[in-house]
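Chemist: show me how the following folds:
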Amino acid sequence: GWLIEPWETELDAAQIKTLVFVLNGRLQNIPMAALYDGKQYLLEKYSVALAPSLQLLSNQAIPRSQLKVLAAGVSQQVEIKGKIFPALANVPQELDQIQAIFPDSQQLLNQEFTETNIKQQLQAGFPIVHLATHGVFSSDPEQTFIVTGGNSTIGLDSLSTLLSSRPGNKPELIVLSACDTATGDERAVLGLAGVAVRSGSSTIASLWSVEDMSTTRLMTQFYRELENPATKRVDALQKAQLSLIKSLRASPTS
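Modeler: Numbers count the residues shown, from 1 in each chain. Have a look, this model is predicted:
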């Protein structure tokens with residue numbers, strides 16, 4: 001009612017299909033795609049994207065025939081500094097589905113998912129980097145990291161360095177399909193996802209905690225949609241979200 005309704009008539013008249021939000025302060029913690037008017041979610045009417053500033057990033061789309069994914073994840077329970085991160089049982093399936101859709105992709109699961117291996121694989125040039133693991137964010141950079149195999153982590157600075165290691169051949173898209181990877185505070189825009197954005201890559205990340213099985217289903221459908229050369233990334237995400245919503249409405253307990 002505050003953000004969309006006052007402009008809805010103009011948006012409809014202009015046949016707007018995509019909304020790009022530039023947010024600050026506490027608005028950064030609101031999932032805009034999930035705004036609800038009592039009948040439908042915002043994403044059911046528009047594709048929704050975020051930008052860190054009014055100066056939008058310009059990415060050159062890579063031909064879909066060359067599309068491959070560096071897909072890394074942790075499925076096992078991990079303990080970091082006394083904190084238990086529960087097992088993500090569906091991560092192997094998530095990585096397998098990605099490789100089935102894009103056969104030239106590379107998997108790094110559990111013990112193979114290390115900072116060294118990520119750095120080495122990035123040298124081959126992957127248009128998409130997909131990280132299916134827990135992420136923790138704090139305004140303190142020392143407490144901000146993603147979980148890797150072997151009870152290890154990749155910190156904020158290291159992640160930023162990794163993603164920028166090949167300036168002339170950096171990833172086109174970074175996907176962080178984990179819990180709270182985009183959560184930040186007023187002093188740290190977009191949390192871990194902000195690192196990917198600052199590297200010049202488009203980013204897909206979860207703002208709130210997400211359920212493991214739903215994430216796998218969402219990500220699988222996203223990459224299926226991305227197979228179509230005519231489908232933009234933001235539209236592929238919207239179609240995947242709509243597919244999941246339709247499925248859950250048809251069978252709420254599945």
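
Chemist: packing partners of the lengthiest helix in the chain?
Modeler: Counting residues, the longest helix found in the chain (DSSP state H) is helix 233-250. Packing contacts for helix 233-250, counted by 3 or more CB pairs under 8 Å, 6 or more residues apart in numbering; DSSP states H and E, involve strand 47-50, strand 202-205, helix 212-226. Any C-beta I mention is one placed from the backbone N, CA and C, and that applies to glycine too.

Chemist: which stretch in the ones you listed is the model least sure about?
Modeler: Mean pLDDT is lowest for strand 202-205 among the helices and strands packed on helix 233-250, at a mean of 83.

Chemist: show me what contacts the closest residue to residue 225 other than its chain neighbours?
Modeler: Using CB to CB, 6 or more residues apart in numbering and skipping the chain neighbours, the partner closest in space to residue 225 is residue 236 (3.8 Å). Counting by CB atoms under 8 Å, 6 or more residues apart in numbering, residue 236 makes contact with 222-223, 225-226, 228.

Chemist: ok, 7 Å please
Modeler: Contacts here follow CB atoms under 7 Å, 6 or more residues apart in numbering; on that basis residue 236 touches 222, 225-226.

Chemist: equivalent analysis for residue 132, please.
Modeler: Residue 132 makes contact with 73, 88, 91, 94-95, 177-178 under the criterion CB under 7 Å, 6+ apart.

Chemist: cool, residue 148 as well?
Modeler: Contacts of residue 148 by CB under 7 Å, 6+ apart are 74, 113-115, 133, 154.

Chemist: can we see that at 6 Å?
Modeler: For residue 148, the contacting residues are 113-114, 154, by CB atoms under 6 Å, 6 or more residues apart in numbering.

Chemist: re earlier: how about a markdown table for the contacts of residue 236, with distance to residue 109 and neighbour count added?
Modeler: Output for those, formatted as a markdown table (distance: CB to CB, whole Å; neighbours: other CB atoms under 10 Å):
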| residue | distance to residue 109 | neighbour count |
| --- | --- | --- |
| 222 | 19 | 24 |
| 225 | 24 | 19 |
| 226 | 21 | 23 |
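
Chemist: turn those residues into JSON lines, including distance to residue 246.
Modeler: Listed next are the contacts of residue 236 as JSON lines, based on distance: CB to CB, whole Å:
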{"residue": "222", "distance to residue 246": "15"}
{"residue": "225", "distance to residue 246": "14"}
{"residue": "226", "distance to residue 246": "19"}
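
Chemist: all strands of the stretch 51-200 of the chain, in order?
Modeler: 69-73, 78-80, 83-85, 106-109, 128-132, 135-136, 145-148, 152-155, 173-176 (DSSP state E, counting those that start in this stretch).
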